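**Student:** Turn this into a structure:
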Amino acid sequence: MKQVVLCFLAIFAGALIGSVANMLIISFSTTIIPLPKGADNSSIKSLEQTIHLFQFKHFIMPFLAHSVGSLIGGTIAAWIAPRNKLLVALTIGSFFLFSGVMMVFKLPTPIWFNVIELTLAYLPMSWIGYRIRLIYF
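**Tutor:** Numbering: from 1, shown residues only. Below is the predicted model:
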């Protein structure tokens, strides 16, 4: 019973810490790569109306945020989980993948970005987080 509780705790902690990492990168992203003139990212509705102004460089930070969130979340989850570490890490990646798929349907982002993000940012990064846990912790 204790191991089951620890697995759920690992999933919760990984999702929470990965989400915080994701949000921190997103919140500081406009200081690193400013939004295009006239763009507004204060809401989904305003993003829908101004996303056509975005260039390639404006998609780097969201990709990085989603990748790092999955990586950190997968690492933390695999570190805490007493067993089934890969499954727990991939559960974090699946959680973030589901969120990414929901955003694909909400925002009219370019197809190339959707394909790259959905294939490289979530499950592969949580798997790398699992591997990092094996090597360093």
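**Student:** Just list what the longest helix seen in the chain packs against, helices and strands only.
**Tutor:** Longest helix in the chain, counting residues (DSSP state H): helix 2-32. Identification of packing neighbours for helix 2-32 by 3 or more CB pairs under 8 Å, 6 or more residues apart in numbering; DSSP states H and E yields helix 60-80, helix 85-106. (C-beta placed from N, C-alpha, C; glycine too.)
**Student:** Would you mark the buried spots in the first one?
**Tutor:** Of the residues in helix 60-80, those buried under the neighbour-count criterion (16 or more other CB atoms under 10 Å) are 61-62, 64-80.
**Student:** what residues are up against the residue lying closest to residue 3 once chain neighbours are set aside?
**Tutor:** In space, and not counting its chain neighbours, residue 3 is closest to residue 82: 4.7 Å by CB to CB, 6 or more residues apart in numbering. By CB atoms under 8 Å, 6 or more residues apart in numbering, the contact set of residue 82 is 2-3, 6-7.
**Student:** same deal with residue 93?
**Tutor:** Residue 93 sits next to 70, 73-74, 122-127 when contact means CB under 8 Å, 6+ apart.
**Student:** Using CSV, write out every CA atom in the helix or strand of the chain with the lowest mean pLDDT.
**Tutor:** Lowest mean confidence among the helices and strands of the chain (mean pLDDT, DSSP states H and E): helix 44-50, at a mean of 87. This file holds the C-alpha atoms of helix 44-50, laid out as CSV (Å, rounded to 0.1, in the frame of the first residue of the first chain):
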residue,chain,number,x,y,z
ILE,A,44,-6.3,32.4,-25.6
LYS,A,45,-8.7,34.7,-27.5
SER,A,46,-6.1,37.4,-28.1
LEU,A,47,-3.5,34.8,-29.0
GLU,A,48,-5.9,33.3,-31.6
GLN,A,49,-6.3,36.8,-33.1
THR,A,50,-2.6,37.7,-33.2
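**Student:** Perfect, that will be all.
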